[in-house]
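Asks: would you be able to build a 3D model of this:
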Amino acid sequence: MSTARRYDLGLIRALWRRDMLRLKRERSRWFGVVLQPLLFWLVIGSGIAPNYLAPTASGMGYLEFFYPGILVMVVLFTSIFATISVIEDRQSGFLQGVLVAPGSRLAMVVGKLSGVVSMTVIQSALFLALMPLTGLDVSNVYWSVLLISIVLSSSALTAVGVCMAWVLPSAQAYHGVMSVLLLPLWLVSGAMFPPTGGAVEWVMRANPMTYMVDAIRGAMTADQCSGVAPNMWIALLVTGVFCALSIAVALKVCQGNGARPK
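Replies: Reported below is the predicted structural model:
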C-alpha cells in the first residue's frame, strides 16, 4: 500500500471515529433526531388519518403511508445536525488542521460521509424498531434495499450539507439556508401526501428527495411506492445518481478555499 493511500485511510478512520465519539457523548442528539420525528408522525399522522383517502394502488392507512416519510425526516435531520460540525470545526481551527494533514480532500469528504452515514443507520434502526406498531408487515420489508436506500439518501443529503457548511460563514446562516431549502423539499417529496396532479406533482417529479421517499417506502411496503416513481428500483436508481452527483459537487466545492478562517 502506498504512503498516500495509508494517509487517506488514516484520515477517513479518524474523521469517522470522531463522529462516532460525538454521537456517544452527545446523547441529547439521539432524542432530538429520533423523538421529534416520532412525535411529528404521531401528532400529524393521527390528525390527518381520519380524512386520508389511500391511493387505489396502495390501500394503506395514513400512519402506514406517513411512516416511511418520517424515516426520511430522520435521515434529513441527522445529516443537517451532523454537517453543521463542519462550520464548528472551521471556527475552532480543527478543519484547518485537517486541511494541512497528509490526506487528500477526497479522503476528508469520504471520512465525513462515512461518519454521518454510520450515525444515520444507527438512528434509523432505532426508529425502525417501532415499525411493528405502525401496521406495516415487517415480513414484507426488503431489508437490503431499505438499507441501501438509507445509505444513499444519507450520503446525498450529507454531501449537500457539506457543500452548504463549507461556503456559509456561520451556523445561523447554515440553519437559515437549510430551513428554506431542504425542509420544503421534504414537504413536497411525497412524504406527507401522494401526488395529486397539477403543478405540485411536477415539483415532486423534479425533487430528488421524492425518489428517496419512494425508494424507502417501496422497500417497506412490498414495492408500493404511492409516489412519482413507478417502482422502488427506479426510485433507487435516481437516488443513486443524485448521490453520486452530490458527492462530486461536494468534492469540487471542498477543493476551493471556503474553509479558511472567517
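Asks: which residues of this structure fall in helices?
Replies: Remark: helices assigned in the chain by DSSP state H are 3-25, 28-48, 62-83, 85-92, 94-100, 105-128, 143-167, 171-187, 198-206, 208-220, 232-254.
Asks: out of those helices, deepest packed?
Replies: helix 208-220 (a mean of 29; mean count of other CB atoms under 10 Å). Any C-beta I mention is one placed from the backbone N, CA and C, and that applies to glycine too.
Asks: so where's the stretch 1-150 of the chain uncertain?
Replies: Applying pLDDT under 70 to the stretch 1-150 of the chain flags residues 1, 27-34, 47, 49-59.
Asks: thinking again about what came up before, can I get the helices of the chain in TSV with distance to residue 136?
Replies: Listed next are the helices of the chain as TSV, based on distance: least, CB to CB, whole Å:
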stretch	distance to residue 136
helix 3-25	27
helix 28-48	12
helix 62-83	5
helix 85-92	33
helix 94-100	41
helix 105-128	10
helix 143-167	11
helix 171-187	20
helix 198-206	22
helix 208-220	6
helix 232-254	15
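Asks: for stretch 158-176, give me every contacting residue.
Replies: With contact meaning CB atoms under 8 Å, 6 or more residues apart in numbering, stretch 158-176 is reached by 79-80, 82-84, 86-88, 109, 112-113, 116-117, 120, 177-178, 181-182, 243, 246-247, 249-250, 253-254, 256, 258-259, 262.
Asks: do the same with stretch 132-151
Replies: Contacts with stretch 132-151, where a contact means CB under 8 Å, 6+ apart, come from 60-61, 63-64, 67, 71, 75, 117, 120-121, 124, 131, 212, 215-216, 218-223, 232, 235-236, 239.
Asks: dump the C-alpha coordinates for that stretch into CSV.
Replies: Output of stretch 132-151 as CSV, limited to C-alpha atoms (Å, rounded to 0.1, in the frame of the first residue of the first chain):
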residue,chain,number,x,y,z
PRO,A,132,-44.4,-3.3,14.3
LEU,A,133,-46.6,-0.6,15.9
THR,A,134,-47.4,1.1,12.6
GLY,A,135,-49.4,-1.7,10.9
LEU,A,136,-46.8,-2.3,8.3
ASP,A,137,-45.9,-6.0,7.7
VAL,A,138,-42.3,-6.5,8.8
SER,A,139,-42.1,-9.7,6.8
ASN,A,140,-42.7,-7.8,3.6
VAL,A,141,-39.8,-5.4,4.0
TYR,A,142,-36.9,-5.6,1.6
TRP,A,143,-34.3,-5.0,4.2
SER,A,144,-31.3,-5.0,1.9
VAL,A,145,-33.0,-2.4,-0.4
LEU,A,146,-34.1,-0.4,2.6
LEU,A,147,-30.5,-0.3,4.0
ILE,A,148,-29.1,0.7,0.6
SER,A,149,-31.8,3.4,0.2
ILE,A,150,-31.0,4.9,3.7
VAL,A,151,-27.2,4.9,2.9
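Asks: I'd like the distance from that stretch to the chain centre, please.
Replies: 16 Å (CA atoms, centre = their mean, to the nearest Å).
Asks: ok, now stretch 194-211?
Replies: On CA atoms, centre = their mean, the centre of stretch 194-211 falls 18 Å from the chain's centre.
Asks: could you do stretch 241-257 as well?
Replies: With CA atoms, centre = their mean, you get 16 Å for stretch 241-257.
Asks: show me the contact partners of that stretch.
Replies: Contacts of stretch 241-257 (CB under 8 Å, 6+ apart): 105-106, 108-109, 113, 152-153, 155-157, 159-160, 162-163, 166-167, 208, 211.
Asks: which residues does residue 124 contact?
Replies: 71, 74, 75, 78, 150.
Asks: quickly check those residues for the two that are furthest apart.
Replies: With CB to CB as the measure, no two of the contacts of residue 124 lie farther apart than 71 and 78, at 10.9 Å.
Asks: out of the contacts of residue 124, which comes closest to residue 40?
Replies: residue 74 (10.2 Å).
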